[in-house]
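Asker: how would this look folded up:
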Amino acid sequence: MNRMSRRTIALLWMVAVAIVVGILIAYEQISILYVLATLSLVSLLLVVAFADLEKVGLSEGEDQSRS
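Answerer: Have a look, this model is predicted:
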């Protein structure tokens with residue numbers, strides 16, 4: 001089974017979002033774009049807020065010494 005890399009999946013998501021935004025702009029559905037932008041910003045902020053940034057970049061040896 002051929003699996004796609006994370007980069008390919010991210011690229012496909014970007015293309016899909018660009019198509020949706022382009023369609024909404026073409027049909028002048030700006031109010032829907034405002035709602036989608038607000039929801040995506042809130043979800044991004046929630047991901048950052050709940051991310052465990054304290055342990056990013058630590059190897060196992062450093063992680064055990066900090067505990």
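Asker: Next, count neighbours for residue 12.
Answerer: Counted with other Cβ atoms under 10 Å, residues neighbouring residue 12 total 11. Yep, even glycine has a C-beta here, placed from its N, CA and C like the rest.
Asker: same thing with residue 33?
Answerer: 14.
Asker: Only the buried residues of the helix or strand hosting residue 48, if you could.
Answerer: Taking DSSP states H and E as the criterion, the element that holds residue 48 is helix 30-50. When burial is assessed from 16 or more other Cβ atoms under 10 Å, helix 30-50 yields no buried residues.
Asker: now swap in stretch 8-21 and tell me
Answerer: Of the residues in stretch 8-21, none is buried (16+ other Cβ under 10 Å).
Asker: re the thing from before, pull the residues that contact the helix holding residue 48.
Answerer: 21, 24-25 (Cβ atoms under 8 Å, 6 or more residues apart in numbering).
Asker: Quick one, grab the pLDDT at residue 21.
Answerer: Predicted confidence (pLDDT) for residue 21: 94.
Asker: what's the spacing between it and residue 7?
Answerer: Distance, residue 21 to residue 7, by Cβ to Cβ, to the nearest Å: 21 Å.
Asker: Could I get the pLDDT score of residue 57?
Answerer: 74.
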